[in-house]
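*Asks:* build me a structure from this.
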Amino acid sequence: MRIPESELIINSDGSVFHIHLKPEELADNVILVGDPSRVDMIAEYLEDIEFRHASREFVSVTGKRNGTRITALSHGIGPDNIDIVMTELDALANVDVTTREVKPVHRALNIIRVGTSGALHADIPLGSFVLSHISVGFDGVMNWYANREKIALADMEEAFKKHMNWPQVLQPPYFVKASQKMIDLFSDVTLKGVTISAPGFYGPQGRVVRMPLVMPDMLEKIESFRFGEYRITNFEMEGAPLAGFGAHLGHNVCTVCCAIANRYLQSSNPDYKPQVRQLIKLAVDRMSTL
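*Replies:* Here you go, the predicted model:
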């Protein structure tokens, strides 16, 4: 099937519309970050940098670490940007941008998102690295795609909705597991996480400034939720759609976040950049072994 020009826009230089990468510029191993400035931080650990592209919040470089090619790409803030980034990364890997036909042989990417998050329990110290073994989507992005039931952890999802008395006015949450390959790559240096991806920083994460919330007791309910060995560990804003796209499209993905705040203790660490740098170096080193 030929993908129409209106559905997948290719720029005149052969790059995909938003992230401005060309197929030959994309490595098999990808590190995603929200903040564009962190791409340059990643680049400090790479050699043989091939290029640096910048378009809106999407900044990218490809270079090598210990001989392994790695692409670093910023996605900006929010789950809607993951819809853009993952669709275009997959197209670069699995669509012939000249003929607009899906390639006969699937190419699987290894993708890690490095971010920051707010912890939800007192025993998760500031500076901890939390790997999202399971991601919980409050964002609704994956609900727009068919076959959601094939990637969702239905039993855990239903138990959570019942526990939360989930309001009908909100998009139903979805639960998606990270790639086991990526979990194994980082499990010895991270905490086991079940991470909520929220579609906003304030209300969707239970913060009140001047507008009341649909679920004023949301944080208390989230903190008390248990499903077997699992509990909700932290909040961020992009990991669930990333895990969802990875599961649907056949890529190995995970999210690892540095805890820079603790919502339960109402504490934060504004000087978190050294810990983020440490996490970035860890991600670069581990990805270079693939």
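*Asks:* ok, for E223, nearest residue in space, not its chain neighbours?
*Replies:* L120 (5.6 Å; Cβ to Cβ, 6 or more residues apart in numbering). Using the backbone N, CA and C atoms, a C-beta is placed for each residue, glycine as well.
*Asks:* and what of G246?
*Replies:* V253 (3.3 Å).
*Asks:* that's a helix at C257, yeah?
*Replies:* No: assigned with DSSP: H, G, I helix; E, B strand; the rest coil, C257 falls outside any helix and is strand.
*Asks:* next one, pLDDT for it please.
*Replies:* The model reports C257 with a pLDDT of 98.
*Asks:* please name the bridge partners of it.
*Replies:* G115, V130 (DSSP bridges).
*Asks:* before we move on, back to that, tell me the SS of the residue nearest to G246?
*Replies:* Strictly by three-state DSSP, V253 counts as strand.
*Asks:* OK, contacts around it?
*Replies:* N110, I111, I112, R113, A178, S179, M182, L242, A243, F245, G246 (Cβ atoms under 8 Å, 6 or more residues apart in numbering).
*Asks:* okay, and which of those map to strands?
*Replies:* N110, I111, I112, R113 (DSSP state E).
*Asks:* number of nearby residues for P125?
*Replies:* Counted with other Cβ atoms under 10 Å, residues neighbouring P125 total 12.
*Asks:* what values do phi and psi take at the closest residue to V16 other than its chain neighbours?
*Replies:* In this structure, V16 finds its nearest non-sequential neighbour in E88, 4.3 Å apart by Cβ to Cβ, 6+ apart. With angles defined as degrees, to the nearest 10, E88 sits at phi -80, psi -30.
*Asks:* is it true that E88 touches P23?
*Replies:* No: between E88 and P23 there is no contact under Cβ atoms under 8 Å: 10.9 Å.
*Asks:* pick out whichever of the two has more residues nearby.
*Replies:* Using other Cβ under 10 Å, the more surrounded residue of E88 and P23 is E88, with 23 against 18.
*Asks:* neighbouring contacts of the host helix or strand of D80?
*Replies:* Assessed by DSSP states H and E, D80 sits inside helix 79-94. Here helix 79-94 makes contact (Cβ under 8 Å, 6+ apart) with 8, 16-19, 21-23, 26, 30, 32, 57-58, 73, 75, 97, 102-103, 106-109, 111, 137, 139-141, 197, 199, 237-238, 240-242, 245-246, 249, 251.
*Asks:* V214: neighbouring residues, count only.
*Replies:* For V214, using other Cβ under 10 Å, the count is 10.
*Asks:* doesn't it lie inside a strand?
*Replies:* No: counting by three-state DSSP, V214 is not part of a strand but coil.
*Asks:* SS state for the closest residue to it other than its chain neighbours?
*Replies:* Nearest residue to V214 in three dimensions, chain neighbours excluded: P167, at 5.3 Å (Cβ to Cβ, 6+ apart). Secondary structure, three-state DSSP: P167 is coil.
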